[in-house]
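**Student:** sharing a sequence plus its predicted fold:
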Amino acid sequence: MKRQSPSTESSTESRTAQILLIALALAFLAFFLMLPLIAVFSEALKQGLAPFLDAVSNPDALSAIRLTLIIAAISVPLNMVFGLAASWAITKFSFPGKNLLLTLIDLPFSVSPVVSGLIFVLLFGAQGLLGPWLSAHGLKIIFAVPGIILATVFITFPFVARELIPLMMEQGKDDEEAALSLGASGWQTFWHVTLPNIRWGLLYGVLLCNARAMGEFGAVSVVSGHIRGETNTMPLHVEILYNEYDFVGAFAVASLLAALALVTLVLKTVLEWRFDLHSGARH
Amino acid sequence: MNAGTLNRRLFLSVAAAGALAVSLAGCSGGKSGNSVEITNVSYDPTRELYQAVNPAFAAYWKKKTGQDVTFRMSHGGSGKQSRAVIDGLEADVATLALAYDIDVIAEKAKLLPADWQKALPDNSSPYTSTIVFLVRKGNPKAIRDWNDLVKPGVQVITPNPKTSGGARWNFLAAWAYGRKAGGSDAAAEAYVKRLFAQVPVLDSGARGATTTFVERGIGDVLLAWENEALLAEKKLGAGKFEIVVPSISVLAEPPVAVIANNAKKHGTEAVSKAYLEYLYTPEAQVAIARNFYRPSDPKIAEQFAGQFPKLNLTTIDKDFGGWTKAQKTFFDDGGVFDRIYAKK
């Protein structure tokens, strides 16, 4: 314990309150975050390492892992670009319909994922608006990988934009205007002025977007068709295994999903640390 | 290194990964070289059954034609699966819980002839089942027959008849009891209404309902496919559950059909047809019985007679005027189920 100058009545009280609050927060974290996480891993490893490895190296599980990574690898970069473009447009320019665009960006947050999935079935399903045309041209969207990608892109669209808009709003457009007046092209301004300013927000948005892209269940479930080894993503595969009473398998795949999320977090921390080092050195 | 270059590199590598992924994601399906692929869209509880039957058929087909056959399986509530096929899930064969769900595919999407059920023996049902009760060990609520289900304090678990085939058979079995006990359709409706007032949760498929009852421990009695009940009793919680066979139930005929237009498109007509015919062979019939479905082959049924108690079974065609009529009366929007469930 650190010895401090004689404390008054009120500061002891506030210290008690402080300790209580910290304890409360820690207890909450332990109960709602750590406990489930430990439960997932311990359930997965309950019968030892061998059944765990069997479960995650099963061809259906491998295909679910591959599909999930593919989905994330496509939808996250797309949404990074869309999100950047949208927040750029909204914060740096004023144009009619700007508020409408803002509202539309939030749409995927406010609509239930199941409804989002059904939108795509209504559009691209065999009985849907574009169904007959797609089928005549031999194109498969729904119950195939493109449908899952579309649904994921839709669901994860707001993450990057929502992260960037307040940030870019706050930064204003002074820096850009200065760059432009000094003769930089639009592209140069973006690359050398805007992007460095927003890189943390962007990274954070991309990480959130990625987490959701890999974890999305509802919308993907509607458009997937649940074909094993082909259109089952990891969350869908977890549900299937659970419903087959294969608990070790279900929790093994679930723990992989959790591990992917943890890796994302570690990656973020490492990047933050490296960037801090560099920016520190530059000053 | 400045932040700009780093971001650019990051961006380029991510974009490259994306492009690679797109090229990997190309779809496969149907026939290629000396191998063929069948998509079987099935209902919920048949997972274990087809896990047993598929490799056996693959070996049989390989021996017969030299061709390798692989399977794409999709499982879910029967009504939901039927909807998916209509919406474009390209099933070569559908093996669903009841005839109506395949009728709808024929009617709405015109993917197979309307008289599909005549294509194979026994109403195109290579296996049948019935609806029984699964109760907890020792039968603490003393459930012996349908009238015990509506006693105060008894919680009944059944999936949603709107999405689940099994639930529709459950409903009809309950109706058959209500009609027999009360002597009229009005009495049957009153009974079924009381029954559904005791249901705390409607899962979308039979497997979800079994999980609710077995794993989550909700409810006193599960109205279940006999095959689900036997699976739960023998494999999942050995010694934790008991099966109660009611005085009357329904003969459930889960039918199978080649979805003709899809099979034609994929060039899988011959193998799809052979696959379904294979289900009637003694070899497959034994696998069917081992997975707790009632075999349609009388000889195999005889061998497994101990597993399947004899009980009074009503049939959909004789007692309910066929599935089209039953569906319209009971389960379509504005039908009996909507009436009794909304007013509970």
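**Tutor:** Yes, it's here.
**Student:** leaving out sequence neighbours, find the closest residue to residue 234.
**Tutor:** Because you didn't say which chain, this covers chain A. A:Thr68 (4.4 Å; Cβ to Cβ, 6 or more residues apart in numbering or on different chains). In short, each C-beta sits where N, CA and C put it, glycine included.
**Student:** sorry, should have said chain B
**Tutor:** Sequence neighbours aside, B:Phe292 is the residue nearest to B:Lys234 in space, at 7.8 Å (criterion: Cβ to Cβ, 6+ apart).
**Student:** ok, that neighbour - contacts?
**Tutor:** Listed by Cβ atoms under 8 Å, 6 or more residues apart in numbering or on different chains, the contact set of B:Phe292 reads B:129, B:226-227, B:230-231, B:234, B:307.
**Student:** what number of residues lie near residue 150?
**Tutor:** Just so you know, I chose chain A. For A:Leu150, the count of nearby residues is 21 (other Cβ atoms under 10 Å in any protein chain shown).
**Student:** meant chain B actually
**Tutor:** 19.
**Student:** which helix or which strand is home to the closest residue to it other than its chain neighbours?
**Tutor:** Among residues not flanking B:Val150 along the chain, B:Arg194 sits closest, at 4.4 Å (Cβ to Cβ, 6+ apart). Under the criterion of DSSP states H and E, B:Arg194 resides in helix B:185-196.
**Student:** that helix: what's the following helix or strand?
**Tutor:** helix B:206-214.
**Student:** show me what that following helix is packed against.
**Tutor:** The contact analysis (3 or more Cβ pairs under 8 Å, 6 or more residues apart in numbering or on different chains; DSSP states H and E) places helix B:206-214 against helix A:234-243, strand B:156-157, helix B:165-182, strand B:221-225, helix B:226-231.
**Student:** just the ones you listed: most buried one?
**Tutor:** strand B:221-225 (a mean of 28; mean count of other Cβ atoms under 10 Å in any protein chain shown).
**Student:** what lies in contact with it?
**Tutor:** B:45, B:129-135, B:141, B:143, B:149, B:154-158, B:166-167, B:169-170, B:173-174, B:206, B:209-210, B:213-214, B:229, B:232, B:244, B:252.
**Student:** now stretch B:115-126
**Tutor:** B:99, B:102, B:106, B:128, B:253-258, B:260, B:276-277, B:279-280, B:284-285, B:288, B:296.
**Student:** quick one: average confidence on the helix holding B:Arg194?
**Tutor:** Across helix B:185-196, the average pLDDT comes to 94.
**Student:** you'd agree B:Ala91 is in a helix?
**Tutor:** No. B:Ala91: not assigned to a helix; according to DSSP: H, G, I helix; E, B strand; the rest coil it is coil.
**Student:** dump the residue contacts of it.
**Tutor:** B:39-41, B:74, B:85, B:259, B:262.
**Student:** restricted to strands, list those residues.
**Tutor:** B:39-41, B:74 (DSSP state E).
**Student:** out of those residues, which is nearest to A:Tyr242?
**Tutor:** B:Ser74 (16.7 Å; Cβ to Cβ).
**Student:** in this structure the closest one contacts B:Ser82, no?
**Tutor:** No. The criterion here is Cβ atoms under 8 Å, and B:Ser74 misses it with B:Ser82 at 11.7 Å.
**Student:** tell me which stretches of chain B form strands.
**Tutor:** B:31-32, B:35-43, B:68-76, B:93-95, B:127-136, B:156-157, B:221-225, B:241-244, B:248-252, B:256-258, B:294-295, B:312-314.
**Student:** look at B:Ser74 and B:Ser82 and report which has more neighbours.
**Tutor:** Neighbours were counted for B:Ser74 and for B:Ser82 using other Cβ under 10 Å; B:Ser82 has more, 29 against 23.
**Student:** give me the distance between the residue nearest to A:Met234 and A:Glu244.
**Tutor:** Using Cβ to Cβ, to the nearest Å, we find A:Thr68 at a distance of 19 Å from A:Glu244.
**Student:** what does B:Asp338 give?
**Tutor:** From B:Asp338 to A:Glu244 the distance is 32 Å (Cβ to Cβ).
**Student:** try B:Ser164
**Tutor:** 17 Å.
**Student:** how about B:Val201?
**Tutor:** Separation of B:Val201 from A:Glu244 (Cβ to Cβ) stands at 21 Å.
**Student:** get me the contact residues on the stretch 201-344 of chain B for chain A.
**Tutor:** Applying Cβ under 8 Å from any Cβ of the partner chain, one finds that the stretch 201-344 of chain B approaches chain A through B:207-208, B:211, B:215, B:235-236.
**Student:** please identify which of those is nearest to chain A.
**Tutor:** B:Arg207 (4.8 Å; Cβ to the nearest Cβ).
**Student:** burial of residue 70, as a residue count?
**Tutor:** The chain I'm using is chain A. Neighbours around A:Ile70, by other Cβ under 10 Å: 21.
**Student:** should've been chain B
**Tutor:** For B:Thr70, the count of nearby residues is 12 (other Cβ under 10 Å).
**Student:** can you tell me the closest non-neighbouring residue to it?
**Tutor:** Among residues not flanking B:Thr70 along the chain, B:Glu37 sits closest, at 5.1 Å (Cβ to Cβ, 6+ apart).
**Student:** am I right that that neighbour is in contact with B:Arg72?
**Tutor:** Yes. The criterion here is Cβ under 8 Å, and B:Glu37 meets it with B:Arg72 at 6.3 Å.
**Student:** domain map for chain B?
**Tutor:** B:31-125+B:253-303, B:128-252+B:311-341 (automatic domain parsing).
**Student:** circling back: A:Thr68 and A:Glu244: which has the busier surroundings?
**Tutor:** Set A:Thr68 next to A:Glu244 and count neighbours by other Cβ under 10 Å: A:Thr68 wins out with 27 against 16.
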